[in-house]
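Q: Need a 3D model of the sequence below.
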Amino acid sequence: MAGYTDVVFRALCRSFGCDMTYTEMISAKGLTFGNVKTAEYLTLGEDETSIAVQLFGHEPDVMADAVRIVSDHLGSRLRCIDINMGCPAQKIVSGGDGSALMRTPVLAGQVTEAVKRVSPVPVTVKFRKGWDADTCVSFAKVLEASGADAICLHPRTRVQQYRGLADRAAIGAVKAAVGIPVIGNGDITSGDSAVSMLRETGCDGVMIGRAALGQPWIFREVKAAIKGIPYEAPTAAERLEVAIRHAERIEQVKGPHGLVELRKHLPQYLHGMRGAALLRARLNEAKNAAEIRSFLLDSLRNNTI
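A: Numbering: from 1, shown residues only. So this is what the prediction gives:
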């Protein structure tokens with residue numbers, strides 16, 4: 001979710017019931033080197049009183065130093081440290097980080113131990129089913145023995161990337177093998193899919209990533225499904241109003257550059273709508289949030305979307 005889960009999008013997700021939000025992936029090495037752009041990922045919203053900070057790196061001492069920096073910077077607003085051992089991106093794994101750590105479980109355990117020693121908050125680890133084969137159960141046991149307070153499994157291998165179906169049986173196997181909480185992730189696109197994952201795997205919670213893009217209200221849908229209460233999907237007008245809110249807020253927080261970043265979000269809000277392709281072209285030409293509002297509301301009034 002790098003490049004998506006900034007302070008504005010996190011606030012939107014919380015407004016629809018998300019219980020815990022995460023920063024974008026933050027380079028531990030970048031933090032310890034004092035990289036200004038890296039440090040900006042620790043900028044929180046005024047109402048953001050609790051955050052999970054997602055770090056990546058493979059050097060135990062560097063990871064520990066990064067945790068100290070995060071803790072000093074955020075203080076009581078830090079809810080947990082999450083170590084990313086699941087990212088499959090080539091630029092991440094080529095440096096030995098992300099899911100590359102699944103090829104070196106001993107080192108993964110050392111990283112976890114180093115972070116746990118200095119962290120003032122719980123430490124969680126997200127990982128995959130394996131690099132190119134199913135090794136998640138043995139890997140989960142290493143993490144548990146190394147002090148992880150909870151783990152999150154995305155049950156596809158690194159080689160799979162995001163292809164194929166998430167293997168829920170792998171989540172169930174990990175849950176049966178460890179005594180710490182296990183969070184399930186992957187292919188949760190609706191309230192029903194969240195409930196079925198909980199039921200089929202016995203996992204302790206679910207994590208939603210890509211499915212929240214363009215539909216942050218999915219958290220409200222999932223909570224309704226878990227509670228067994230009725231849920232009504234947002235109308236087209238309500239969906240566009242959320243997109244407008246996103247645009248206006250990102251302009252306030254980040255200025256004109258924020259609207260450039262918004263271009264990757266807006267098509268998600270329009271997904272499946274009639275006339276979305278033409279509207280996307282107009283939105284890319286918008287100079288400010290006011291024009292985005294005008295384009296979206298005009299399309300709604302003229303019944304072209």
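
Q: so how far is N302 from G275?
A: 9 Å (Cβ to Cβ, to the nearest Å). Using the backbone N, CA and C atoms, a C-beta is placed for each residue, glycine as well.

Q: neighbour count winner among those two?
A: Taking other Cβ atoms under 10 Å, G275 and N302 do not tie; G275 has more neighbours (13 against 9).

Q: Show the contacting residues for that one.
A: S299, T304, I305 (Cβ atoms under 8 Å, 6 or more residues apart in numbering).

Q: ok, the nearest residue to the last one once chain neighbours are set aside - contacts?
A: For I305, ignoring the flanking residues on the chain, the nearest one in space by Cβ to Cβ, 6 or more residues apart in numbering is S299 at 4.2 Å. Contact analysis of S299 by Cβ under 8 Å, 6+ apart lists L240, G275, L279, I305.

Q: Out of these, which end up buried?
A: Neighbour counting with 16 or more other Cβ atoms under 10 Å marks L240, L279, I305 as buried within these.

Q: any chance of the residues you listed in JSON lines, with pLDDT too?
A: JSON lines is the format used below for the buried ones among the contacts of S299 (pLDDT from 0 to 100):
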{"residue": "L240", "pLDDT": "93"}
{"residue": "L279", "pLDDT": "85"}
{"residue": "I305", "pLDDT": "74"}
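
Q: possible to save these as CSV with secondary structure and distance to D192?
A: CSV is the format used below for these (DSSP: H, G, I helix; E, B strand; the rest coil; distance: Cβ to Cβ, whole Å):
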residue, secondary structure, distance to D192
L240, helix, 25
L279, helix, 30
I305, coil, 27
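
Q: Now flag whichever of the residues you listed is closest to R199.
A: Nearest to R199 out of the buried ones among the contacts of S299 is L240 (Cβ to Cβ; 34.2 Å).

Q: In this protein, what helix or strand scores lowest on average pLDDT?
A: helix 276-284 (a mean of 83; mean pLDDT, DSSP states H and E).

Q: Going by neighbour count, which residues in it are buried?
A: Those would be A276, L279, L283, for helix 276-284 by 16+ other Cβ under 10 Å.

Q: what would those look like in CSV with distance to Q215?
A: As requested, the buried residues of helix 276-284 are exported to CSV (distance: Cβ to Cβ, whole Å):
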residue, distance to Q215
A276, 14
L279, 17
L283, 17
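
Q: Which parts of the stretch 1-150 of the chain are helices?
A: 7-15, 28-32, 36-39, 60-74, 90-93, 105-118, 136-145 (DSSP state H, counting those that start in this stretch).

Q: Likewise for the stretch 151-300 of the chain?
A: 168-177, 191-201, 218-227, 236-254, 256-262, 266-269, 276-284, 289-301.
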